[in-house]
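# here is my input, please return the structure:
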Amino acid sequence: MLYVNICISVILFLLWSYIIIKTYQLDGYNIPSFLSHIFEFKLAYGDKNKINFTKRMIRFLLLYFLLSSAIFFLINFYVKNIFLIILDCAIIFLLAPILVAIAHYMLYPIEIAIKKYYIQKATRVLEKKDIIKIAITGSFGKTSTKHILASILGKEYKVCSSPKNFNTEMGITRTILENLDDHDVFIAEMGARHKGDIEKLTKIVKPKYGIVTSIGKQHIETFKSLKNIESAKNELPLNIEKDGIIIFNGDSKSTLKLYHSFKGCKYLTNQSQGFAYAKNIEINESGSSFVLVIDGKEMKVFTRLLGNCNIGNIVTASALAYMLGIKEEDIVSAIKKLSPSPHRLEIIKNDYVTIIDDSYNSNEVGFKEALDVLSKFKGIKIVVTPGLVEMGQEQSNANFKLGAEIADVADYIIIMNEVNKNYLFSGAISHNFDRNKIYFASNRKKQKEILQLLMMKGSVILFENDLPDNYK
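All right, here's what the predicted structure looks like:
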């Protein structure tokens, strides 16, 4: 019986460890953020995300379970009373997050040394190549602009770009070491959650060309203010090569602000007096058509991409491609062949319903853009969303406003986030939305049941934002 209880305790501990370790990885190995989520009980309890068994994670797991096993051994060696063993095993559950922190800090010097080695190696590899180096940063639109630019430049050059959202030091380092070969162009997406992050990335890439996309209140929970976000994104212009060129997407006030303050060689897009912009825009279910103007030259283009944000990204990417010698007819041809990035206003149709998949992530501007796209479709409109997170003190007000804007477009709303549900609900009914048409789903199974109840032939479903497992 004693061994049965021990085995049960070990199994429960392993299950608990899986949850907290997954939370630790989803928090980017950031201990303060991890402990905050543990305290708030925002745990990675679901099966939406899996542990990514990187070399770093394997090293961590070995040390974590070595520490855990040592404590289990001491308990079972010295404590003979079965009830004390069960009690002490329960204590291990409480100690598990602390063991995560201990293992993290024990490995920290090793991880820093390994990281430094690979970064220096990647920097040397890139320095030896005669290659066009481009960096892209901003609050949103980075990945889409990167994909669009790579597609257009592909008409003339062999392009290597950081995959997916590999926009951190190790993400860009891995791209250089694993993907870069005899390419003509390297495009690096540069993300940031703290001031100084982009400056570190520019020291690896040393870009001659840069793009600053739209800037907004993305990650304001970590940056604390829009001013800090602007300062972080400005690290790219400030660290561009001396003969470098920066293109600013003038869709946002913050990016315009950086454009006006920058003293180097610069170009502005998406403003009528800028180097490049779009006019005569028409958007429908099939895609977007507009006249692309670059340096006074007009090109009539069509794209399957939807939304003004995507048009702005196309304009900005096309401007840099034009500067790098891509012919006008090739720009038009490449834009026509563009396909939506997965989960970014991606249209998925079948004989029964149309899905607008914008679930990759979300922000205030992108959310409104997705609703505008939804409004172009006919049929019963259903919005499925958890709202916005990482908004700090502005989260409640932002989700209230979005609830009101959803109400102006949708016929039904399915809310997936416990934290935001009251704000979204209140915002929707403030615009006289029928509260009986607002549903709450705590998991995907419940969401599916509600959708099956609401859907009919011709329905259009917008999936806006998708949160990791540690958000309820």
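# give me the pLDDT for residue 81.
With respect to pLDDT, residue 81 scores 66.
# export stretch 149-162 as PDB, just CAs?
Extracted C-alpha coordinates of stretch 149-162, given in PDB (Å, rounded to 0.1, in the frame of the first residue of the first chain):
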ATOM      1  CA  LEU A 149       8.700  41.600 -49.400                       C
ATOM      2  CA  ALA A 150      10.300  38.100 -49.700                       C
ATOM      3  CA  SER A 151       7.700  37.200 -52.400                       C
ATOM      4  CA  ILE A 152       8.300  40.300 -54.500                       C
ATOM      5  CA  LEU A 153      12.100  40.200 -54.100                       C
ATOM      6  CA  GLY A 154      12.000  36.600 -55.100                       C
ATOM      7  CA  LYS A 155      11.300  37.800 -58.700                       C
ATOM      8  CA  GLU A 156      14.900  38.900 -58.900                       C
ATOM      9  CA  TYR A 157      16.800  37.600 -55.900                       C
ATOM     10  CA  LYS A 158      17.300  34.400 -53.900                       C
ATOM     11  CA  VAL A 159      15.800  35.400 -50.500                       C
ATOM     12  CA  CYS A 160      16.300  34.000 -47.000                       C
ATOM     13  CA  SER A 161      13.900  35.300 -44.400                       C
ATOM     14  CA  SER A 162      13.400  34.400 -40.700                       C
END
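# need the contact partners of that stretch.
132, 134, 136, 146-147, 171-172, 175, 179-189, 211, 317-318, 320-321, 324-327, 330-331, 333-335, 337-338 (Cβ atoms under 8 Å, 6 or more residues apart in numbering). No exception for glycine: its C-beta is placed from N, CA and C like everyone else's.
# show me the residues you listed that map onto strands.
132, 134, 136, 185, 186, 187, 188, 189, 211 (DSSP state E).
# now, among these, which is nearest to residue 247?
Lowest distance from residue 247 to the ones in strands among the contacts of stretch 149-162 (Cβ to Cβ) belongs to residue 211, with 4.9 Å.
# and the pLDDT at that closest one?
Reported pLDDT for residue 211: 98.
# where does the residue lying closest to residue 286 once chain neighbours are set aside fall, phi/psi-wise?
In space, and not counting its chain neighbours, residue 286 is closest to residue 304: 7.4 Å by Cβ to Cβ, 6 or more residues apart in numbering. Dihedral angles of residue 304 (phi, psi; degrees, to the nearest 10) stand at phi -80, psi -10.
# just to revisit the earlier point, what about the contacts of stretch 149-162, which are in helices?
146-147, 171-172, 175, 317-318, 320-321, 330-331, 333-335, 337 (DSSP state H).
# tell me the least confident of those residues?
Scoring the ones in helices among the contacts of stretch 149-162 by pLDDT puts residue 171 last, at 91.
# who's in contact with that residue?
162, 165.
# what do you get if the cut-off is 7 Å, keeping everything else the same?
residue 162 (Cβ atoms under 7 Å, 6 or more residues apart in numbering).
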